[in-house]
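*Asks:* When you get a sec, could you give me coordinates for this:
(4 chains)
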Number of protein chains: 2
Amino acid sequence: MNEEAARRRVTVHDVARAAGVSLATVDRVLNGRPGVRAATAEKVGEAIAALGFSRDLNASLMARARDLKVVFFIPDGGNEFMDSLAEAVERRVGSALADRMHLSTRRIRALDTGALAAGLDGLDPAHCDCAVIVTSEEPEIVAAVDSATRRGIAVMTLVSDLPGTSRQHFIGIDNVAAGRTAASLLGRFLPQGGTVAVIAGSLHLRDHAERLEGFRSVLERDFSQVTLLGPYESHDNPETTQSLATELVDKQTQLSAIYNLGAGNAGLVSALEASDRVGEVRVIVHELTAPTRRGLLSGAIDVVLDQNPDGEIREAVTAARVLALGPGRAFATHPIEIGIFLRDNLR
Amino acid sequence: MNEEAARRRVTVHDVARAAGVSLATVDRVLNGRPGVRAATAEKVGEAIAALGFSRDLNASLMARARDLKVVFFIPDGGNEFMDSLAEAVERRVGSALADRMHLSTRRIRALDTGALAAGLDGLDPAHCDCAVIVTSEEPEIVAAVDSATRRGIAVMTLVSDLPGTSRQHFIGIDNVAAGRTAASLLGRFLPQGGTVAVIAGSLHLRDHAERLEGFRSVLERDFSQVTLLGPYESHDNPETTQSLATELVDKQTQLSAIYNLGAGNAGLVSALEASDRVGEVRVIVHELTAPTRRGLLSGAIDVVLDQNPDGEIREAVTAARVLALGPGRAFATHPIEIGIFLRDNLR
DNA sequence: CATTGTCTGAGGTACGTGCCTCATGACCTA
DNA sequence: TAGGTCATGAGGCACGTACCTCAGACAATG
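*Replies:* As a prediction, this is how the structure comes out:
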């Protein structure tokens, strides 16, 4: 009780004293400013490690004149999940402001690589400390990310990663695990066996391909009684999804289940509700949105696997806060959990 | 772009000017100190609302000399979930410290109402800003909570709520929904029907009773092909659970599933692994701990419903930070989601 | 030796709030 | 009317970091 009261917070002053340098030098090292010899910087680094110094986030954000600015680039164009991501950002604007952080959103036409790259290139480091992007793997984007990083803007990827670039952090679920989970559930739903149709948006999308991979592997390993049909490609389009699903449900009378690992669920729900097999065909889809919520409630959908947009945005904001206080800081990355929703635990 | 640069942060100075009072008075109102006429306090409140003032959390925590102290009272005595809660607190100590918060844990012998009440009564407001407790509903505790609140200590309940008291906040899952979810999954696992045995810790525990209620209602409503056996009471004891499970699995050859809505899963897993029916009997339990994780991996357990200790502790810490800056502040309470784990999405 | 450049120290102000002291005026009571 | 309490104002220091200026030390270069 006494010892904890006596143990003062370790400050930059302590670091300076321990390293035998001045406050200014510690400051230069901490904030990556020039004018410090490598040997001196190392002395400071050792003192920091020895004392277990950790920068006071509150004081740090206080001291900088301007708020921390974070820009989210989120795809636009009818994908409900992306909309819910944008809404999650909005929901956090208020509390972030109380934490001296300014969040803003830019919607980019889906798959418009050029627009996203231009957006990144146009970012002024004075007006943006951190950019969060949702993108597929394109050389144009890779170049833009590296350029932004060089200009001092921390870039983080959301939902789908961009490995091998200078992006500081990735936030998203483990899509292979998501696919495995879908298979694990469907396998248990069909103890007598049956046929499962798989619909994907596009197998060129990294996350979709990963989900399919996980789904396939578990089905083959643990549930040989279940037969896989597909994958069919919907290009995440509700109309395409609807006609695909209609055909599957109507013509494949022996169809036991559908796993849609892409978007376009509004069409899927319409197709199912128009058929007479609601409740007979087991359905697993991704992302809790208005149409999938409706599907859960009507019984057309059995399970929704969810990326938890609010959790992802919270994580992004926390990470941005840490990243802005000096790049290269290692920090514990809490993986986003896959949410599993049935009608009975809808939030 | 220009407008946002021009819009300065609203500070206490602005509030003072708008209300036509001095800084000291605004401060007295904000921090609930005496010496302000009701009429004056109201003027200040109006100015705060008009300007949309929100206290700067960073500056606030900076200004108070001592760190924010939060004490967690967590039951002790062999319950793995409670252990994992305590571990979750430990994991957060470091990052909380960087945020000027000091977390500590006190283990209280499970169900020892007197010890918990004494612990609460012994809290000195100078050494504790917020207490977080896990408890059942007992008059002794209710009195201790109210007393602590009067002394200026914010109290929050974790896992199981204490409605009708002066507790500031509850953090936990919706246990009725958890029970419904278990039924919803088991019903789909047993399309041909079967018998489900239910094991509870004690039906006097609010959370257990709620889970049973949810489980029963969905089974009756949606899955009449499934028959319910029990509930049996294990008192959350692994040995009792083991002998119960052994008897159920061995004697009830027609048993299709087990739902353990209480603790003591180490015994359940042992019983199942000792039997020859692993993989035949569907098993759903609560709380992701060492034994249940092992059960998932071995195939003895199909699904674990989880309270997400890390999420709960994170939420508690965030709430404590806000609460300490003045009681009665309304803040958005993010419900804790029920985690659903299969072998394939183990984190 | 003078000049130039690089590295470092000393010290200051600022951020927004918490918390303290002291002074002042208003109002009440004896 | 004197002495008391209460509400409020004025002002200042502190928290730990960011960021600025200025001066001095030193080495290398001409």
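*Asks:* Output stretch A:47-59 as PDB - backbone C-alpha positions only.
*Replies:* Extracted in PDB, the C-alpha atoms of stretch A:47-59 (Å, rounded to 0.1, in the frame of the first residue of the first chain):
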ATOM      1  CA  ALA A  47      17.500   4.500 -20.000                       C
ATOM      2  CA  ILE A  48      13.900   4.200 -21.300                       C
ATOM      3  CA  ALA A  49      14.100   0.500 -21.100                       C
ATOM      4  CA  ALA A  50      15.800   0.400 -17.700                       C
ATOM      5  CA  LEU A  51      13.200   2.700 -16.100                       C
ATOM      6  CA  GLY A  52      10.300   1.200 -18.000                       C
ATOM      7  CA  PHE A  53       9.300   4.600 -19.200                       C
ATOM      8  CA  SER A  54       6.100   4.900 -21.100                       C
ATOM      9  CA  ARG A  55       4.900   8.100 -22.600                       C
ATOM     10  CA  ASP A  56       1.900   9.500 -20.800                       C
ATOM     11  CA  LEU A  57      -0.800   9.400 -23.500                       C
ATOM     12  CA  ASN A  58      -2.900  12.100 -21.900                       C
ATOM     13  CA  ALA A  59      -0.100  14.600 -21.400                       C
END
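*Asks:* How about that stretch and DNA strand D, any contact?
*Replies:* Yes. On the criterion CB under 7 Å from any atom of the strand, stretch A:47-59 is in touch with DNA strand D at A:F53, A:R55, A:D56, A:A59. From N, CA and C alone the C-beta is placed, and that goes for glycine too.
*Asks:* Need the pLDDT of the closest residue to DNA strand D within chain A.
*Replies:* Minimum separation of chain A from DNA strand D (CB to the nearest atom of the strand) falls at A:A63, amounting to 2.7 Å. Note for A:A63: predicted pLDDT of 83.
*Asks:* Now do the SS call for A:S256.
*Replies:* strand (DSSP: H, G, I helix; E, B strand; the rest coil).
*Asks:* Near the spatially closest residue to it that is not a sequence neighbour, how many other residues are there?
*Replies:* Leaving aside its chain neighbours, A:S256 sits nearest to A:G194 (2.8 Å; criterion: CB to CB, 6 or more residues apart in numbering or on different chains). A:G194 has 18 neighbours, counted by other CB atoms under 10 Å in any protein chain shown.
*Asks:* Same question for the one 3 residues further on.
*Replies:* For A:A197, the tally of surrounding residues (other CB under 10 Å) stands at 24.
*Asks:* what does the one 3 residues further on give?
*Replies:* For A:A200, the neighbour count with other CB under 10 Å is 24.
*Asks:* still on that earlier bit, enumerate the beta-bridge partners assigned to the residue nearest to A:S256.
*Replies:* Going by DSSP bridges, A:G194 is paired in beta bridges with A:V226.
*Asks:* residues contacting it?
*Replies:* A:G194 is in contact with A:Q225, A:V226, A:T227, A:Q254, A:L255, A:S256, A:A257, counting by CB atoms under 8 Å, 6 or more residues apart in numbering or on different chains.
*Asks:* other SSEs contacting the helix or strand hosting A:L272?
*Replies:* In this assignment (DSSP states H and E), A:L272 forms part of helix A:265-274. Counting contacts by 3 or more CB pairs under 8 Å, 6 or more residues apart in numbering or on different chains; DSSP states H and E, helix A:265-274 packs against helix A:238-251, strand A:282-286, helix A:290-298.
*Asks:* Okay, buried residues for the last one please.
*Replies:* Of the residues in helix A:290-298, those with enough neighbours to count as buried (16 or more other CB atoms under 10 Å in any protein chain shown) are A:P291, A:T292, A:R293, A:R294, A:G295, A:L296.
*Asks:* before we move on, the earlier item: narrow the residues of stretch A:47-59 next to DNA strand D to just the buried residues.
*Replies:* A:F53, A:R55, A:D56, A:A59.
*Asks:* coming back round to it: look up how far A:V226 lies from the residue nearest to A:S256.
*Replies:* 6 Å (CB to CB, to the nearest Å).
*Asks:* again with A:S22
*Replies:* 69 Å.
*Asks:* neighbour-wise, which of the two wins?
*Replies:* A:V226 (21 against 11).
*Asks:* hang on, the earlier thing: residues that sit against both of A:G194 and A:V226, list them.
*Replies:* Common neighbours of A:G194 and A:V226 (CB under 8 Å, 6+ apart) are A:S256, A:A257.
*Asks:* wouldn't A:D222 be in contact with A:S184 here?
*Replies:* Yes. Assessed by CB atoms under 8 Å, A:D222 is found in contact with A:S184 at 7.2 Å.
*Asks:* Around A:I173, how many other residues sit close by?
*Replies:* So A:I173, with other CB under 10 Å, has 24 neighbours.
*Asks:* DNA strand D contacts on the stretch 51-200 of chain A?
*Replies:* So the stretch 51-200 of chain A meets DNA strand D at A:F53, A:R55, A:D56, A:A59, A:S60, A:M62, A:A63, A:R64, A:A65 (CB under 7 Å from any atom of the strand).
*Asks:* Tell me which residues touch the first one, please.
*Replies:* Listed by CB under 8 Å, 6+ apart, the contact partners of A:F53 are A:V10, A:T11, A:V12, A:D14, A:V15, A:A47.
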